[in-house]
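Peer 1: the sequence isn't on hand, but the structure is:
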């Protein structure tokens, strides 16, 4: 099965990054700034950015970004130099991103959850020349002697008035943008670093443009669409699925400083939101609000999700309360510039165990340990090739060589591709449990637990065993009182006996997550 060619713009094969040949869209903007300029010319008066009381049209957005670009020039920043951004979800975030693109600068996106040693490592590794940060995070910044290449530090306080951003924003707009190549790095996003030091994924302009066009064409987005950025903008989902995708279709981006389910529902109803990409837990938290049914969410037509399976109960409740909402699983990673697969909304319910079809131009294979592609349905490591796959890791040729083969990125996810092209993801290689030679995929057990009415979420991890090697341990977050015996009985009715958790911790506290919203299983393993 494949995407309908009627909704996908023409593609052709082209050389990319020296040693790759990938399908890419024929007609496309040449860079991130070109995408902004085209949208401003086409939809100049349409609403672009909304944050609190500030509303900017696309024309105003492009002009404001050009003013900040002029400020970058005054500071002496040159094409290719790195601009580190340590900001939460606020209107200055996309404006800085766009201004850097205007000047051919590379934005390095930091998480507001990072601490001083992590920030110091990233700044030193990427050689950032300027750091723009939340004033409230000043104490977390590394000492100047630890990051000598950072020659400018600019704080932004909590006043959303753009005039307070005077160091960069109060300039005449920069004239012509700096010329860039499609393969120039536009952004560096550091991976979460579950093992070792984080790696800086280099997202080129062509990666971002292609991924944005994939979202727009597969989800059939238009200038009438309105998206809420409820996930962190500094993550690949925030920056591509939200910011650059809205540039591509010319829609409006409503920026939410921090996700709280009650506030989200109010905002979605008031702003007539049509499109979102969030993690399943966010949808579930919305449904748990006692007044959920009182909000008019009839305009909401596309609900993208990723990072974890969507519980069947959540899908059914959303379908019952918002009939016009199509849920679309979107599987991807920083290294694939967000989407690798998207599930057509009308197929979500009938393919609940799949993350969707490969995006237009993407090729996904399940690779065996012997380096051979596995037959349909067999489980191996998913390798991904597309025009969205990054060129490599910043300043790390060893990691690049280990993670990429002939343009295929080794995802580290164990999964399969069936005869119809639907992709399934079972587990991270490092998270698969081997119980006496029997393989257990944590996602399968977590999905079963998610169906229990008392369970909010769960994480399945391996517990060391001197006899079997590993046993199944569950950390379960509940909304109502329930015993571990009841939950094990629930699993026993639905799973093979060796997959049923043998030990269990029940808690009301949310699972620990990184800045990308992924559960920190390493942290849980250390705890339990």
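Peer 2: Cool, got the structure. Note that the structure is a prediction, hence the values are computed from the model and not measured. Numbers count the residues shown, from 1 in each chain.
Peer 1: if you drop the residues flanking it in sequence, what lies closest to the residue nearest to the spatial centre of the chain?
Peer 2: In the chain, the residue lying closest to the centroid (Cα atoms, centre = their mean) is residue 237, at 2.4 Å. Counting by Cβ to Cβ, 6 or more residues apart in numbering, residue 231 is the residue found nearest to residue 237 once chain neighbours are left out, at 5.2 Å. For glycine as for every other residue, the C-beta is placed from the backbone atoms N, C-alpha and C.
Peer 1: cool, residue 405 as well?
Peer 2: residue 383 (7.3 Å).
Peer 1: what pLDDT does that neighbour get?
Peer 2: If you check residue 383, the pLDDT there is 98.
Peer 1: in contact with it, which residues?
Peer 2: Shown in contact with residue 383 (Cβ atoms under 8 Å, 6 or more residues apart in numbering): 364, 365, 366, 367, 405, 408, 409, 410, 411.
Peer 1: quick one: pLDDT of residue 444?
Peer 2: 82.
Peer 1: verify the stated contact: it with residue 499.
Peer 2: Yes. In this structure residue 444 lies within contact range of residue 499 using Cβ atoms under 8 Å: 6.9 Å.
Peer 1: out of those two, which sits in the busier spot?
Peer 2: residue 499 (21 against 17; other Cβ atoms under 10 Å).
Peer 1: contacting residues around that one?
Peer 2: 440, 444, 445, 472, 491.
Peer 1: same thing but 7 Å
Peer 2: By Cβ atoms under 7 Å, 6 or more residues apart in numbering, residue 499 lies in contact with 440, 444, 445, 472.
Peer 1: just residue 241 next, same as before
Peer 2: Here residue 241 is in contact with 215, 277, 304, 330, 338 (Cβ under 7 Å, 6+ apart).
Peer 1: just the buried residues of those residues.
Peer 2: 215, 277, 304, 330, 338 (16 or more other Cβ atoms under 10 Å).
Peer 1: can I get those residues in TSV with pLDDT?
Peer 2: TSV is the format used below for those (pLDDT from 0 to 100):
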residue	pLDDT
215	97
277	95
304	96
330	95
338	92
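Peer 1: for those residues, which two are the farthest from each other?
Peer 2: 304 and 338 (9.9 Å; Cβ to Cβ).
Peer 1: returning to what we had before: show me which of the contacts of residue 499 is closest to residue 45.
Peer 2: residue 444 (50.1 Å).
Peer 1: in terms of secondary structure, what does the host helix or strand of the closest one contact?
Peer 2: In the assignment (DSSP states H and E), residue 444 maps to helix 442-450. Applying 3 or more Cβ pairs under 7 Å, 6 or more residues apart in numbering; DSSP states H and E, we find helix 442-450 packed against strand 423-428, strand 455-465, strand 469-478, helix 484-492.
Peer 1: as TSV, the ones you listed with mean neighbour count, mean pLDDT and distance to residue 309 would be great.
Peer 2: Conversion of the helices and strands packed on helix 442-450 to TSV gives the following (neighbours: other Cβ atoms under 10 Å; pLDDT from 0 to 100; distance: least, Cβ to Cβ, whole Å):
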stretch	mean neighbour count	mean pLDDT	distance to residue 309
strand 423-428	21	86	9
strand 455-465	20	90	11
strand 469-478	20	92	15
helix 484-492	16	94	15
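Peer 1: in this structure residue 507 contacts residue 482, no?
Peer 2: No. With contact defined as Cβ atoms under 7 Å, residue 507 does not reach residue 482; the gap is 11.7 Å.
Peer 1: of the two, who's got more company?
Peer 2: residue 482 (16 against 11).
Peer 1: I'd assumed residue 458 was in contact with the more buried one.
Peer 2: No. Assessed by Cβ under 7 Å, residue 482 is found out of contact with residue 458, at 11.8 Å.
Peer 1: from the contacts of residue 383, pick the one nearest residue 83.
Peer 2: For the contacts of residue 383, the nearest to residue 83 is residue 409 (25.8 Å; Cβ to Cβ).
Peer 1: name the helix or strand for that closest one, please.
Peer 2: Judged by DSSP H and E, residue 409 forms part of strand 408-417.
Peer 1: quick check: angle from that strand to strand 423-428?
Peer 2: Interaxial angle of strand 408-417 relative to strand 423-428 (axes from the mean of the first three to the mean of the last three Cα atoms, to 10 degrees): 110 degrees.
Peer 1: each with direction, which strands does strand 408-417 pair with?
Peer 2: strand 380-385 (antiparallel), strand 404-405 (antiparallel), strand 423-428 (antiparallel) (DSSP bridges).
Peer 1: the stretch 151-300 of the chain: helices as residue ranges?
Peer 2: Shown for the stretch 151-300 of the chain, the helices assigned by DSSP state H, counting those that start in this stretch span residues 166-169, 205-218, 236, 245-249, 261-270, 280-287.
Peer 1: out of those, the one nearest residue 342 is which?
Peer 2: Using Cβ to Cβ, the nearest of the helices of the stretch 151-300 of the chain to residue 342 is helix 205-218, at 4.8 Å.
Peer 1: pull out the buried residues from that closest one.
Peer 2: Per 16+ other Cβ under 10 Å, helix 205-218 contains these buried residues: 205-218.
Peer 1: okay, these in a markdown table with distance to residue 427 next?
Peer 2: Shown next, in a markdown table, are the buried residues of helix 205-218 (distance: Cβ to Cβ, whole Å):
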| residue | distance to residue 427 |
| --- | --- |
| 205 | 33 |
| 206 | 31 |
| 207 | 26 |
| 208 | 29 |
| 209 | 32 |
| 210 | 28 |
| 211 | 25 |
| 212 | 29 |
| 213 | 31 |
| 214 | 25 |
| 215 | 26 |
| 216 | 31 |
| 217 | 30 |
| 218 | 26 |
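Peer 1: state the distance from residue 119 to residue 314.
Peer 2: According to Cβ to Cβ, to the nearest Å, residue 119 stands 35 Å off from residue 314.
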